[in-house]
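Peer 1: structure, please.
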Amino acid sequence: MSSRRSRQSTSGVSRISDDQIIELVSKLRQLLPEIRDRPSNTVSASKVLQETCNYIRSLHTKVDDLSERLSQLLATIDADSEQAAIVRSLIM
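Peer 2: Here you go, the predicted structure:
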């Protein structure tokens with residue numbers, strides 16, 4: 001059986017093909033600012049996966065930071081003010 005075809009496990013469940021993995025890694029690569037502009041042959045699949053994990057962690061950190069900053073901002077303004085209405089319209 002060719003490695004390019006979908007493999008099947010012993011239970012008969014279809015698995016992802018090598019070509020599909022290559023395509024998915026390529027798509028991930030394009031989403032990563034750290035490596036998207038490098039030639040594809042210089043970045044291994046394991047590096048792409050590692051960088052993807054790092055990037056997702058950094059995005060989580062940024063979301064947490066922005067959530068905290070938003071909470072602090074909302075705590076300092078009057079809930080009925082025009083500023084509060086603007087903030088609510090931005091996050092809804």
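Peer 1: tell me the confidence at S81?
Peer 2: S81 is assigned 88 on the pLDDT scale.
Peer 1: give me the element the residue most central in space within the chain is part of.
Peer 2: Among the residues of the chain, the one closest to the centroid is I56, at 4.8 Å (C-alpha atoms, centre = their mean). Using DSSP states H and E, I56 maps to helix 45-76.
Peer 1: what angle separates the worst-scoring helix or strand of the chain on mean pLDDT from helix 45-76?
Peer 2: Here the helix or strand of the chain ranked lowest by mean pLDDT, DSSP states H and E is helix 82-91, holding a mean of 84. Taking axes from the mean of the first three to the mean of the last three C-alpha atoms, to 10 degrees, helix 82-91 and helix 45-76 form an angle of 160 degrees between their directions.
Peer 1: using PDB, write down the CA coordinates of helix 82-91.
Peer 2: This file holds the C-alpha atoms of helix 82-91, laid out as PDB (Å, rounded to 0.1, in the frame of the first residue of the first chain):
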ATOM      1  CA  GLU A  82     -21.600  57.400  27.000                       C
ATOM      2  CA  GLN A  83     -18.200  55.800  27.400                       C
ATOM      3  CA  ALA A  84     -19.700  52.600  28.800                       C
ATOM      4  CA  ALA A  85     -22.200  52.500  25.900                       C
ATOM      5  CA  ILE A  86     -19.300  52.800  23.400                       C
ATOM      6  CA  VAL A  87     -17.300  50.100  25.100                       C
ATOM      7  CA  ARG A  88     -20.400  47.800  25.200                       C
ATOM      8  CA  SER A  89     -21.100  48.400  21.500                       C
ATOM      9  CA  LEU A  90     -17.500  47.400  20.700                       C
ATOM     10  CA  ILE A  91     -17.600  44.100  22.600                       C
END
